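1. Next input, structure requested:
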Amino acid sequence: MKVLLVQPTKAPITIGGEDIQLYEPLALEYIASGIISEHEVRILDMRIENSLLATLNEFKPDVVGLTSYTVNVNTVKGLSRDIKNWNPKTFIVVGGHHATVSPDDFLIPSIDLIVRGEGVLVFKQVIERIEKGDGFDGIPGIAMRKGEGIVKTPMEPLVDFDILPFPERGLTEKYRNSYFGEWMKPLASIRTSKGCPFRCNFCAQWKINEGRYLRRSPEKIVEELGTIHEKFVFFADDESLTDYNRMKTLARLIKEAGLKQRYFLYSRSDTVVKHPDLLEMWRSVGLERVFVGLEFFRDEDLKYISKKSTIDDNKEAVRILHDLDISIYASFIIRPEFNREDFKAFKRYCRELNLDFATFAVLTPLPGTDFYNEVESQLITHNYDYFDFIHTLLPTTLPLKDFYEELHNLYRQAIPATRQLSQLRKYRLRDIPSLALTANRVYNQVKMTYRDYNHI
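-> Presented below is the predicted three-dimensional model:
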């Protein structure tokens, strides 16, 4: 059978996304790995190549698989209708994060089946049943329309990550030079774990994984790293450094294997504080950047989201990473309740930390999270195109125009211009003009975001 796997692009009103950073469609590469030995498979990354109709006409797939985060829901539903209009007999499957937490959102005639949870083994079974013309009874982790309702089968927990084949990166060969994260270009991605032992109320990952933290063996990770040709590698984990002993072993094995890649991974600030020796070890084998969710500038706000770390943890983690010369991707959250004084205090806090880079996301209640359940009745829009971490979904204390002016100023001023300019030395010279144009455009989009609410 011919199977086309599609990574959707963002909606026109959505801010950020692939304009800021672009990671390879690792989930689709994993899905492809389960079926490629028996079927003809392609991946279409519409963030780079917006050619769905041309691809359909040339490839003529029997099955199309679409993946979706919450912000992609409307786009994916539109794509499914376009595909059915092209050929009503094409079987359409939707999977991904949002399909797992809110499968009912995909209960439309143009979508035939929904895959929930870890999809590699499930999708393989689905393709086998389609090929044989059988039904889908007994397949775990699926949902589908039945009459006026929906039938969901229990998800089968995956407890051994090492049984999964390596992602089929060859299917994205023509795109690979386009994947990047700031100066890290081209950038590959690898998944070494899944889940998180913490319970932040704005995150659904720990709930999806039922609180478990699943790990791949260091030996398998090193084996896969050896197949990756890119210099830069992003660890696409929910939290990479939680298991101290495993990550210590992995660093040792990377060194013994003589790998010379540069790594970018996630860590909590309290993990950095607890294990500075682990960060030092990783620095010696190529750790270049750490994504740290510092989130807020006050302990009371950290408690509000059940973060379990403190402002003191944040400050000490930044100091440790600075001392190790590890670049910090500092991620912060803006509460809709913030007033002008809060924004000013946030700016002072960022400058005190002496950061090179910071990003600011508006606190967003995502389906599947405790926070969403708490505030769902207060949402000012349920349009998923707005779930981009820039559009507020909750009422703001400041008038919208003032709120976004303050957010724009925070992006512009939280990092001193001299430190922003110092970051440019990490980029390829030919990339700097387009970087400046993109940054300016996105900043202006942020400032004018208030206008988007005229459409609600």
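2. switch to C-alpha atoms for all contacts and neighbour counts from now on
-> Will do.
3. pLDDT at the residue lying closest to Phe346 once chain neighbours are set aside, what is it?
-> Leaving aside its chain neighbours, Phe346 sits nearest to Phe297 (6.1 Å; criterion: CA to CA, 6 or more residues apart in numbering). According to the prediction, Phe297 has pLDDT 97.
4. ok, how many other residues are close to Phe297?
-> 22 (other CA atoms under 10 Å).
5. With Phe136 instead?
-> 17.
6. And for Lys315?
-> Residues near Lys315, counting by other CA under 10 Å: 17.
7. Quick check: it touching Leu355?
-> No - judged on CA atoms under 8 Å, Lys315 makes no contact with Leu355 at a distance of 10.8 Å.
8. who touches the longest helix along the chain?
-> Ranked by residue count and defined by DSSP state H, the top helix of the chain is helix 432-447. The contact list for helix 432-447 (CA atoms under 8 Å, 6 or more residues apart in numbering) reads 15-16, 19-20, 390, 401, 404-405, 407-408, 411-412, 424.
9. Now with 10 Å, please.
-> 13-16, 19-20, 182-183, 390-391, 401-409, 411-412, 424-427, 448-449, 451 (CA atoms under 10 Å, 6 or more residues apart in numbering).
10. Put the alpha carbons of that helix into PDB.
-> What follows is helix 432-447, C-alpha atoms only, in PDB (Å, rounded to 0.1, in the frame of the first residue of the first chain):
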ATOM      1  CA  ILE A 432      21.800  36.900   9.900                       C
ATOM      2  CA  PRO A 433      19.800  39.100   7.500                       C
ATOM      3  CA  SER A 434      16.800  36.700   7.300                       C
ATOM      4  CA  LEU A 435      17.000  36.200  11.100                       C
ATOM      5  CA  ALA A 436      16.700  40.000  11.700                       C
ATOM      6  CA  LEU A 437      13.800  40.300   9.300                       C
ATOM      7  CA  THR A 438      12.000  37.300  10.800                       C
ATOM      8  CA  ALA A 439      12.500  38.500  14.400                       C
ATOM      9  CA  ASN A 440      11.300  42.000  13.600                       C
ATOM     10  CA  ARG A 441       8.200  40.600  11.800                       C
ATOM     11  CA  VAL A 442       7.300  38.300  14.700                       C
ATOM     12  CA  TYR A 443       7.900  41.100  17.300                       C
ATOM     13  CA  ASN A 444       5.500  43.300  15.300                       C
ATOM     14  CA  GLN A 445       3.000  40.500  15.200                       C
ATOM     15  CA  VAL A 446       3.100  40.200  19.000                       C
ATOM     16  CA  LYS A 447       2.500  43.900  19.400                       C
END
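11. Now do the SS call for Val233.
-> With DSSP: H, G, I helix; E, B strand; the rest coil as the basis, Val233 sits in strand.
12. right, I mislabeled it, should have said Ile114
-> From three-state DSSP, the assignment for Ile114 is strand.
13. pretty sure it is touching Val101, no?
-> No - using CA atoms under 10 Å, Ile114 is not in contact with Val101; the gap is 11.2 Å.
14. the more surrounded of these two?
-> Taking neighbours as other CA under 10 Å, Ile114 and Val101 compare with Ile114 leading, 25 against 21.
15. and the more buried one, what is it in contact with?
-> Listed by CA under 10 Å, 6+ apart, the contact set of Ile114 reads 65-66, 92-96, 99-100, 103-104, 106-107, 123, 141-145, 152.
16. Let's see which of those end up in strands.
-> Among the contacts of Ile114, the ones falling in strands (DSSP state E) are Gly65, Leu66, Ile92, Val93, Val94, Gly95, Ile142, Ala143, Met144, Arg145, Lys152.
17. For the fourth one, grab the count of nearby residues.
-> Okay, so that is Val93. Neighbour tally, Val93, other CA under 10 Å: 24.
18. List the beta-bridge partners for it.
-> Gly65, Leu113 (DSSP bridges).
19. For Tyr244, see how far away it is.
-> 38 Å (CA to CA, to the nearest Å).
20. Kindly report the same for Lys132.
-> Applying CA to CA to Lys132 and Tyr244 gives a distance of 46 Å.
21. can I assume Gly211 is in contact with Phe198?
-> Yes - at 7.8 Å, Gly211 counts as touching Phe198 under the criterion of CA under 10 Å.
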